[in-house]
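> Fold the following, please.
(one chain, ligands or ions: 1)
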Amino acid sequence: MTVFRMFAVSHPGLEEITLRELEGLGIEGKPTPGGVEFRGTLEDLYRTNLWLRTANRVLVRVAIFKATTFAELVERVSRYPWEIYIREDVPVKFRVTSRKSKLYHTKAIEERVIKGIMKRVKFRPLMAEEEDEGESVIVRVERDRFTISVNSSGAMLHKRGYREKASEAPLRENLAAAIILAGGWDGKTPLIDPFCGSGTIPIEAALICTNRAPGIDREFAFEKWKIHDQQLWEKVKEEALNAVRECTTPIVGVDIDEKAISAAVENSFRAKVYHNIRFVRGSFPAVEFKEAFVVSNPPYGVRLSSKNIEETYSSMGRWIRKNFKRARIAILSPLKRYIEATGLELERRLTFSNGGIRVGLYVGEV
Ligand SMILES: C[S@@+](CC[C@H](N)C(=O)[O-])C[C@H]1O[C@@H](n2cnc3c(N)ncnc32)[C@H](O)[C@@H]1O
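Just a heads-up that it's a prediction; the model follows:
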């Protein structure tokens with residue numbers, strides 16, 4: 001049975017959460033900056049693509065070697081089994097980066113990699129158009145060491161397929177899942193997002209609570225590979241559908257903006273968790289449960305002044321203390337000052353970049 005060397009790409013700062021997800025799938029991994037390395041079978045490749053909630057994509061490391069001349073590069077590339085990934089009729093896109101290496105001209109490197117592949121597969125790969133999604137062959141050169149990977153996922157894994165409608169500043173689906181998991185939600189405590197926008201956090205929470213595989217309704221690049229085993233893939237998907245369970249935990253999304261709420265409702269419908277979430281239009285409403293997991297990505301201050309933002313954070317702090325006897329809190333925020341305005345004692349658990357803005361995940365309990 002073929003064992004693949006794989007790499008689950010995660011957002012820098014979220015590697016440990018992706019590692020824990022892999023462990024949950026029974027796979028041992030080694031975290032490195034930007035992701036987690038692991039080994040596994042074709043079935044593991046299918047399961048990780050289907051189940052990883054926090055990763056960006058899953059790569060297969062096809063070739064790792066040293067080369068300092070173009071002739072050497074072509075020869076080394078041609079030794080690997082490209083025929084199992086590349087088909088005559090499926091366009092391929094290349095992305096090349098080079099650092100501190102004798103071969104540094106990325107276009108010239110790409111040409112030689114293609115030449116090496118052609119030597120092996122005996123046809124010229126079709127080149128993808130710019131707008132085609134997801135680079136399929138990724139060539140990284142560092143100190144003359146080549147790492148050539150194929151992207152098994154295709155479009156990034158945060159694209160589950162349910163979010164056709166986005167509100168302003170939507171959070172990527174995999175980041176929403178990451179803050180729920182890193183925030184320590186037990187799946188049983190009622191969950192509320194007081195700034196839910198297009199509903200990403202409540203929807204991801206409902207997917208977790210119902211144990212629904214995040215990738216069940218989308219396509220993956222590996223489905224077009226020559227080695228793709230449709231029967232095995234159907235089995236993996238079938239197992240995922242059988243694993244769906246009932247979730248009775250209240251999950252609530254609140255937003256002041258009517259358009260955001262209607263987008264959230266539609267998105268939850270497409271994600272098949274419409275029945276698991278209550279969306280409320282409003283601001284800091286009273287709720288019937290006295291214990292909660294409050295998880296949110298409040299406004300950043302693009303539209304509101306920072307004074308208004310601090311007031312909003314401060315209202316959130318008052319609302320949490322007034323409404324809940326006990327609450328676990330996980331708030332994503334760009335500034336510690338905002339968190340301080342809540343008057344709650346929260347600690348920074350994670351730091352990562354969200355749409356180019358450095359943000360911290362602040363976690364605590366009252
Ligand atoms: C950064 S966005 C949340 C994005 C969301 N996580 C998503 O993925 O779509 C912040 C949201 O807070 C809402 N908002 C701002 N002030 C509010 C308030 N006082 N009460 C409730 N919602 C508010 C905005 O309408 C906006 O949708």
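> OK, contacts around the residue lying closest to residue 10 once chain neighbours are set aside?
Once flanking residues are discounted, residue 10 sits nearest to residue 18: 4.1 Å by Cβ to Cβ, 6 or more residues apart in numbering. Yep, even glycine has a C-beta here, placed from its N, CA and C like the rest. Taking Cβ atoms under 8 Å, 6 or more residues apart in numbering, we find residue 18 in contact with 8, 10, 29, 31, 35-36, 52, 54-55.
> And the residues you listed, which two are furthest apart?
Spanning the widest gap among these are 31 and 52, at 13.7 Å by Cβ to Cβ.
> Assign residue 160 to helix, strand or coil.
coil (DSSP: H, G, I helix; E, B strand; the rest coil).
> Adjacent strands (with direction) for the helix or strand that contains residue 98?
Assigned by DSSP states H and E, residue 98 falls within strand 94-99. According to DSSP bridges, strand 94-99 forms sheet pairs with strand 137-142 (parallel).
> Counting neighbours, which bits of the longest helix seen in the chain end up buried?
Using DSSP state H, we find that the single longest helix of the chain is helix 306-323. Neighbour counts over helix 306-323 (16 or more other Cβ atoms under 10 Å) mark 309-310, 312-313, 316-317, 319-320, 323 as buried.
> Same check on stretch 272-282?
So, applying 16+ other Cβ under 10 Å, buried residues of stretch 272-282: 272-273, 276-277, 279, 281.
> How about residues contacting that stretch?
196, 199, 202-203, 206-207, 209-210, 212, 217, 247, 250-258, 261, 264-265, 268.
> picking up where we left off before, tell me what angle whatever helix or strand comes next after the strand holding residue 98 forms with strand 94-99.
Once strand 94-99 ends, the next helix or strand along the chain (criterion: DSSP H and E) is helix 106-121. Put simply, helix 106-121 runs at 130 degrees to strand 94-99, going by axes from the mean of the first three to the mean of the last three Cα atoms, to 10 degrees.
> which helices and strands does helix 106-121 pack with?
With contacts defined as 3 or more Cβ pairs under 8 Å, 6 or more residues apart in numbering; DSSP states H and E, helix 106-121 has these neighbours: helix 70-77, strand 94-99, strand 137-142.
> what residues does the chain put near the ligand?
Within the chain, the positions near the ligand by Cβ under 6 Å from any ligand atom are 167-171, 194-198, 200-201, 254-257, 260, 283, 297-299, 312.
> Pull out the buried residues from the residues you listed.
By 16+ other Cβ under 10 Å, the residues of the chain next to the ligand give 167, 170-171, 194-198, 200-201, 254-255, 257, 260, 297-299, 312 as buried.
> still on that earlier bit, would you list the helices and strands packed on helix 106-121 in CSV and tack on mean neighbour count and distance to residue 153?
What follows is the helices and strands packed on helix 106-121, written out as CSV (neighbours: other Cβ atoms under 10 Å; distance: least, Cβ to Cβ, whole Å):
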stretch, mean neighbour count, distance to residue 153
helix 70-77, 18, 22
strand 94-99, 16, 14
strand 137-142, 19, 12
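> so which of the ones you listed gets nearest residue 160?
strand 137-142 (22.4 Å).
> neighbouring strands for the following helix or strand past that closest one, and are they parallel or not?
Using DSSP H and E, the helix or strand that follows strand 137-142 in sequence is strand 145-151. Sheet pairing of strand 145-151 (DSSP bridges) gives strand 57-66 (antiparallel), strand 137-142 (antiparallel).
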